[in-house]
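Colleague: make a model of this:
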Amino acid sequence: MATSTASTKVVTGVVRLSFVHLLEPSEDLNGNLKYSAMVLIPKSDKETIDKIRAAEKAALEAAIPTKFNGTKPKNLKRVFRDADEELDLDKYPEAEGHMFMNVSNKTKPGLVDENVQPVMDPGAVYSGVYARVSINAFAYNAQGSKGLSFGLNNVMVLGYGEPLGGVGASAESDFADFADNDLL
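Modeller: Have a look, this model is predicted:
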C-alpha cells in the first residue's frame with residue numbers, strides 16, 4: 001500500500017456563513033476582487049476542527065522546503081482562530097462558541113443546495129445561511145508576512161438561518177406616514 005500525504009483539502013461539517021460575497025466579488029483591502037465569506041465552525045464540531053488543523057499541518061510541511069528555506073517560521077499568521085478570543089462578541093454574538101476563518105478566491109465558487117443542484121436564487125446565499133464549504137489550506141511567504149490560510153473552493157447551502165447583521169425595515173414601513181401626501 002502506498003503512503004499518502006495528508007490532504008490540504010477540507011470539506012467541513014455544518015457551518016454558518018457571515019460577510020457573504022459568493023454571488024458577486026467584493027473588493028478586498030488591496031483593491032482585488034474576490035469571492036469570500038467568514039466561516040463560523042462550532043467548537044463542538046471536533047471532526048471539522050481536526051481536519052482543518054491536519055490540513056494546516058500538511059500545508060506547512062509542504063511549504064517548509066520550498067517557501068520557508070527549510071525551517072518552520074516562528075510566529076506564523078493563521079486565519080483559523082477562536083472567535084471567543086478574537087472577535088467582539090457584543091458586535092458578533094453569533095460567533096460565540098465558534099472557531100472562525102475568512103476564506104476567499106478570485107474565481108467564483110460552485111454553489112449547490114442540499115440536493116447538489118445549482119443555487120440560482122440570489123436570496124438563498126446571504127450572511128446567516130448554514131452550509132458546508134470546501135476549502136484548501138496553503139502556506140504563504142509574501143512581503144515579509146508568513147502564514148497559513150485557506151482558499152475557498154465550493155459551497156453547499158444547507159439551511160436558512162436568521163440573517164446576520166439585522167434585518168432592515170421595508171420601504172413600505174419607512175414611508176407609510178407619507179402615503180398620499182400632496183407635496184407637489
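Colleague: put the alpha carbons of the longest strand along the chain into CSV.
Modeller: The strand of greatest length in the chain, counted in residues with DSSP state E as the criterion, is given as strand 145-160. Taking C-alpha atoms only, strand 145-160 is exported to CSV below (Å, rounded to 0.1, in the frame of the first residue of the first chain):
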residue,chain,number,x,y,z
SER,A,145,4.5,38.0,6.1
LYS,A,146,4.5,34.3,6.6
GLY,A,147,1.4,32.2,7.4
LEU,A,148,-1.2,29.6,6.8
SER,A,149,-4.5,30.4,5.1
PHE,A,150,-7.4,28.7,3.3
GLY,A,151,-8.8,29.3,-0.2
LEU,A,152,-12.5,28.9,-0.9
ASN,A,153,-13.5,26.1,-3.4
ASN,A,154,-17.2,25.4,-3.2
VAL,A,155,-20.3,25.9,-1.0
MET,A,156,-23.3,23.7,-0.3
VAL,A,157,-26.2,25.7,1.0
LEU,A,158,-28.0,23.6,3.7
GLY,A,159,-30.4,25.8,5.6
TYR,A,160,-31.7,29.2,6.0
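Colleague: and the closest residue to Lys9 other than its chain neighbours, how many neighbours does it have?
Modeller: Excluding the flanking residues, the one nearest Lys9 by CB to CB, 6 or more residues apart in numbering is Asn136, at 5.2 Å. For glycine as for every other residue, the C-beta is placed from the backbone atoms N, C-alpha and C. The burial metric for Asn136, expressed as a neighbour count using other CB atoms under 10 Å, is 17.
Colleague: do the same with Asn115
Modeller: With neighbours defined by other CB under 10 Å, the count for Asn115 comes to 6.
Colleague: that one and Tyr35, how far apart?
Modeller: With distances defined as CB to CB, to the nearest Å, the gap from Asn115 to Tyr35 amounts to 22 Å.
Colleague: what helix or strand does Ser26 sit in?
Modeller: Ser26 is part of strand 15-27, with elements assigned from DSSP states H and E.
Colleague: where do the helices of the chain begin and end?
Modeller: Counting by DSSP state H, the chain forms helices over residues 46-63, 83-86, 171-175, given from the N-terminal end onward.
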